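Trainee: coordinates for the following, if possible.
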Amino acid sequence: MTRQPDVTIVGGGPAGSSLAIALGRAGARVVLYEKATFPRLKPCGEGLLPHGVAALERLIGVPDAPRVRGLRFSAGGETVDVDFPAGTGLVVRRDRLDTWLFTQARETAGVDVRVGTEFCGERGRVLVGADGTRSRFHRLLPAIPDRPRRVGLSTHVRGIAGVKDRVEVFFHDHGEIYVAPAGDGETLVAGLFDYRHFRRDGLRHLLGTLPGLRDRVEGFEQTTPMLASAPLGLRVPRIVDHERQLLLAGDAAGCPDPITGDGMALALSSTELAADAILTGRLGQYQSRRLARGRRARRLGRLMLWLSRTERRAAWFLRDFSGVVPLLLEVALEPGADPLRAK
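Mentor: Here you go, the predicted structure:
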């Protein structure tokens, strides 16, 4: 007779796979369901901030991917470079990261993976929903999309000159464009747009028109499909159902607007909280700590959206308050910090 698993995880993305690894290594019996197959592309900015890199290193190590030492913000001819205060970030294609982590989970003792398999209700003592922003478990633990409504686009290209060891962020009147090294001669290009001004060719249009970018596009070649995601940003007020022994992890537990760059790092750094809560039975402690991290990220996101509402305002901030930019980045990298109370 097959023994019932201790934990059932639905969703084999970064949060679900890393949680399965952590629990398996601690001696738990885990079943991990993933309805898709790997490799798979996903719309994503693909940046992992240093605290997310550190969490991944503590768990399993990191995949081979470009390291970045900081950010470059540009708007209206103004540019500010900021280095990460400690450690380096990572830019890793989601098809490669997800496949690598899921493979690590499959090879972990005590973890039984069910790839290409829908979860049909058979479960262990604890059930984890790690199935993203459209989680099936939001019927029990409702989610609230952020406002204003925003849309994300992402792809990989060849033919952008001068992409080095920073993630470049270009502010314009309708959102932001992110440019980062993706390895193997490719560049990640991602855009975030106000829903009212979204256009399907938005990335191509801005690459050809934004100062600081248009002169760097040489022999532009798109190497992966253009992928879209909406809405961006999600709040889930309650992420634990004690009666059902159900908890949410990763984006299913809420995610900040991608302007913070903290989505994947928040998911991975919260893995330790979730694993500890499951192993000790303190699910309530996980809820309070994970929600606190989410509130911090949302506050920072709201502040950044206000500062970048127009290209003119973003340029003014970069020009007259450039010294504040490193402080905002430092707040983003400290899970316990409060951007409204930072000194």
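Trainee: any idea how far Ile21 lies from Gly52?
Mentor: Distance, Ile21 to Gly52, using C-beta to C-beta, to the nearest Å: 15 Å. (Each C-beta comes from the backbone N, C-alpha and C, glycine too.)
Trainee: same thing with Gly250?
Mentor: As judged by C-beta to C-beta, Gly250 and Gly52 stand 12 Å apart.
Trainee: so for the two, which sits in the more crowded spot?
Mentor: Just comparing Gly250 and Gly52: by other C-beta atoms under 10 Å the higher neighbour count belongs to Gly250, 30 against 27.
Trainee: is it true that Ala26 touches Leu279?
Mentor: Yes: using C-beta atoms under 8 Å, Ala26 is in contact with Leu279, at 5.7 Å.
Trainee: and the helices in the stretch 101-250 of the chain, which stretches?
Mentor: Applying DSSP state H, counting those that start in this stretch to the stretch 101-250 of the chain gives helices spanning 202-209.
Trainee: span of stretch 137-148 from start to end?
Mentor: Start-to-end span of stretch 137-148 (C-alpha to C-alpha, to the nearest Å) is 24 Å.
Trainee: before we move on, what about stretch 71-86?
Mentor: Stretch 71-86 end-to-end distance (C-alpha to C-alpha) = 13 Å.
Trainee: show me where the stretch 201-343 of the chain has strands.
Mentor: 217-222, 227-229, 234-235, 240-241, 246-248 (DSSP state E, counting those that start in this stretch).
Trainee: could you measure from Tyr178 over to Val236?
Mentor: Relative to Val236, and taking C-beta to C-beta, Tyr178 is found at 25 Å.
Trainee: oh, I was asking about Ala274
Mentor: Distance from Ala274 to Val236, by C-beta to C-beta: 14 Å.
Trainee: more neighbours: which of those two?
Mentor: It is Ala274, of Ala274 and Val236, that has more neighbours when counted by other C-beta under 10 Å, with 30 against 23.
Trainee: counting neighbours, what do you get for the closest residue to the more buried one other than its chain neighbours?
Mentor: Residue nearest to Ala274 in three dimensions, not counting chain neighbours: Ala249, with 5.1 Å by C-beta to C-beta, 6 or more residues apart in numbering. Neighbours of Ala249 under the rule other C-beta under 10 Å: 30.
Trainee: what's the overlap in contacts for Gly250 and Gly52?
Mentor: Residues touching both Gly250 and Gly52 (C-beta atoms under 8 Å, 6 or more residues apart in numbering) are Ala267.
Trainee: now do the contacts for Leu101.
Mentor: Here Leu101 is in contact with 13-14, 17-18, 21, 60 (C-beta under 8 Å, 6+ apart).
Trainee: at 6 Å instead, please
Mentor: Neighbouring residues of Leu101 by C-beta atoms under 6 Å, 6 or more residues apart in numbering: 14, 17.
Trainee: who does whichever strand in the chain runs longest pair up with?
Mentor: Longest strand in the chain, counting residues (DSSP state E): strand 150-160. In the sheet, strand 150-160 lines up against strand 186-194 (antiparallel), strand 217-222 (antiparallel), strand 227-229 (antiparallel) (DSSP bridges).
Trainee: deepest-packed of those strands, please.
Mentor: The highest mean neighbour count among these, using mean count of other C-beta atoms under 10 Å, belongs to strand 186-194: a mean of 24.
Trainee: can you give the distance from that strand to the centre of its chain?
Mentor: 14 Å (C-alpha atoms, centre = their mean, to the nearest Å).
Trainee: what does that strand contact?
Mentor: By C-beta under 6 Å, 6+ apart, strand 186-194 touches 45-46, 150-157, 160, 163, 174-180, 182, 202-203, 223, 258.
Trainee: report the angle between that strand and helix 202-209.
Mentor: 110 degrees (axes from the mean of the first three to the mean of the last three C-alpha atoms, to 10 degrees).
Trainee: rounded mean pLDDT for strand 186-194, please.
Mentor: Averaged across strand 186-194, the pLDDT comes to 93.
Trainee: touching, Glu118 and Lys35? I think so.
Mentor: Yes: Glu118 is within contact range of Lys35, at 5.0 Å (criterion: C-beta atoms under 6 Å).
Trainee: in terms of neighbours, single out the busier of these two.
Mentor: Lys35 (14 against 11).
Trainee: that older thread, list the contacts of the residue nearest to Ala274.
Mentor: 15, 19, 128, 130, 274.
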